[in-house]
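J.: Have a look; sequence and predicted model below, questions after that.
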Amino acid sequence: MTTLEAALGRHVVVTGHGASPAAAAWRRLVASPAARAGLVIVVAVLLVAIVTPAVHVYDASTDADLTLRLKPPTGAHPFGTDSLGRDILVRVLHATRVSLGLALSAVALAMAIGSALGFLAGYFRGHVDLALMFCMDILLAFPATLLAIAIVAMIGPGLRNSLFAISLVSVPVYARLSRGAALALREQEFVLAAQGLGCSAARVLLSHIVPNSLPPLIVQTTLSIAFAILEGAALGFLGLGAQPPAPEWGAMLADSYKFFTSGAWWVFFFPGAAIMLSVLGFNLLGDGLRDALDPRLGRE
């Protein structure tokens, strides 16, 4: 091998190794058994939420059949029936769209608002930072679940109000995270160079600070979805979320907990298992993403 070929070979190896950080992060993600399990669970839950309404039409208002009340799991009803004779499998599957849709919408809204406020506070500092972070500290002074319950109790039950409450209590997490990222990046050389070249504050934020702050925000978003699923279930359990007869995991638990001692275990087991698996999947995926996107693991 000539010196030129050796040099080219070394160049190809280095380029192939470092040219795609996204591919390297993906390899680290799928190399973790826990992250793979979380990814499989999350994909399965998303597919159920998307496919179920498309392949099965369900009318919750006409689903009751008292002749089938509290039937145990059988071939006709694999998850059994509830106190009104409704098929639990059908309701759990259709509730996936409601519960997951609520969680995803709430987290998306919280991320958009909280991140924007945090970037502004961290970049401009001064009175902007003081005012915005003071508001975030007020929200953080209250337990998130109790604050969400109080908000929905004041403005009325329903999915839309639950979405607003869950997103509001999640905003401070994103605000503080994005503020910390902005504070760390605003003094970096590439940001100072962009400012020295006359770039506007909006361009510096959108082109330099926001893209370099995405990894921790992505991890937090995944973990926040698990939190939002639990919050939505808690509100539904208290009758503040989806209203009957709409299927929702928390509301299904509220309708079934009274049968805990009567032997009808299937009534509360399957909605609870759906909540547990969904939360577990997003938590495992979030932990895997945290390790995969850690810059200290950039060299393999």
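T.: Yep, that arrived.

J.: Okay, helices next: where are they in the stretch 101-250 of the chain?
T.: With DSSP state H, counting those that start in this stretch, the ranges of helices along the stretch 101-250 of the chain come out as 126-140, 144-155, 159-185, 189-196, 201-204, 210-212, 214-237, 249-256.

J.: Reformat those as TSV; add distance to residue 49.
T.: Quick note: C-beta positions are derived from backbone N, CA and C, even for glycine. TSV is the format used below for those (distance: least, Cβ to Cβ, whole Å):
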stretch	distance to residue 49
helix 126-140	29
helix 144-155	22
helix 159-185	15
helix 189-196	40
helix 201-204	36
helix 210-212	29
helix 214-237	12
helix 249-256	12
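
J.: how about these, which one is nearest residue 109?
T.: Taking Cβ to Cβ, helix 159-185 is the member of these nearest to residue 109, at 4.1 Å.

J.: Most tightly packed of the helices of the stretch 101-250 of the chain?
T.: Ranked by mean neighbour count, the helices of the stretch 101-250 of the chain are led by helix 249-256 with a mean of 24 (mean count of other Cβ atoms under 10 Å).

J.: re earlier: which one of the helices of the stretch 101-250 of the chain lies nearest to residue 95?
T.: Evaluated over these, closeness to residue 95 peaks at helix 249-256, with 5.1 Å, by Cβ to Cβ.

J.: Against residue 189, how distant is the residue most central in space within the chain?
T.: Nearest to the mean C-alpha position of the chain, counting by Cα atoms, centre = their mean, stands residue 225 at 1.8 Å. As judged by Cβ to Cβ, to the nearest Å, residue 225 and residue 189 stand 35 Å apart.

J.: ok, back up a step: closest to residue 293 out of the helices of the stretch 101-250 of the chain?
T.: helix 214-237 (4.0 Å).

J.: what's near enough to touch the closest residue to residue 191 other than its chain neighbours?
T.: The shortest distance from residue 191 to any non-neighbouring residue, by Cβ to Cβ, 6 or more residues apart in numbering, is to residue 208 (5.4 Å). Going by Cβ atoms under 8 Å, 6 or more residues apart in numbering, residue 208 touches 185, 190, 191, 194.

J.: who touches the residue nearest to the centre of the chain in this structure?
T.: Here residue 225 is in contact with 103, 104, 107, 282 (Cβ under 8 Å, 6+ apart).

J.: Of those residues, just say which sits nearest to residue 38.
T.: residue 282 (7.0 Å).

J.: Give me the helices and strands touching the strand or helix carrying that closest one, please.
T.: Assigned by DSSP states H and E, residue 282 falls within helix 266-292. Helices and strands touching helix 266-292, by 3 or more Cβ pairs under 8 Å, 6 or more residues apart in numbering; DSSP states H and E, are helix 21-31, helix 33-55, helix 88-124, helix 214-237, helix 249-256.

J.: Make TSV from these and add distance to residue 269 and mean pLDDT to it.
T.: TSV is the format used below for the helices and strands packed on helix 266-292 (distance: least, Cβ to Cβ, whole Å; pLDDT from 0 to 100):
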stretch	distance to residue 269	mean pLDDT
helix 21-31	32	86
helix 33-55	18	95
helix 88-124	9	95
helix 214-237	15	94
helix 249-256	9	91
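
J.: Include distance to residue 150 when you put the ones you listed into JSON lines, please.
T.: Listed next are the helices and strands packed on helix 266-292 as JSON lines, based on distance: least, Cβ to Cβ, whole Å:
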{"stretch": "helix 21-31", "distance to residue 150": "38"}
{"stretch": "helix 33-55", "distance to residue 150": "29"}
{"stretch": "helix 88-124", "distance to residue 150": "16"}
{"stretch": "helix 214-237", "distance to residue 150": "11"}
{"stretch": "helix 249-256", "distance to residue 150": "17"}
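
J.: between these, which one is nearest to residue 200?
T.: helix 88-124 (11.7 Å).

J.: what's the spacing between that closest one and its chain's center?
T.: Centroid separation for helix 88-124 versus its chain: 6 Å, with Cα atoms, centre = their mean, to the nearest Å.

J.: Show the secondary-structure elements that it is packed against.
T.: helix 33-55, helix 126-140, helix 159-185, helix 201-204, helix 214-237, helix 249-256, helix 266-292.

J.: how about the first one: buried residues?
T.: Of the residues in helix 33-55, 35, 38, 39, 41, 42, 45, 48, 49, 52 count as buried by neighbour count, 16 or more other Cβ atoms under 10 Å.
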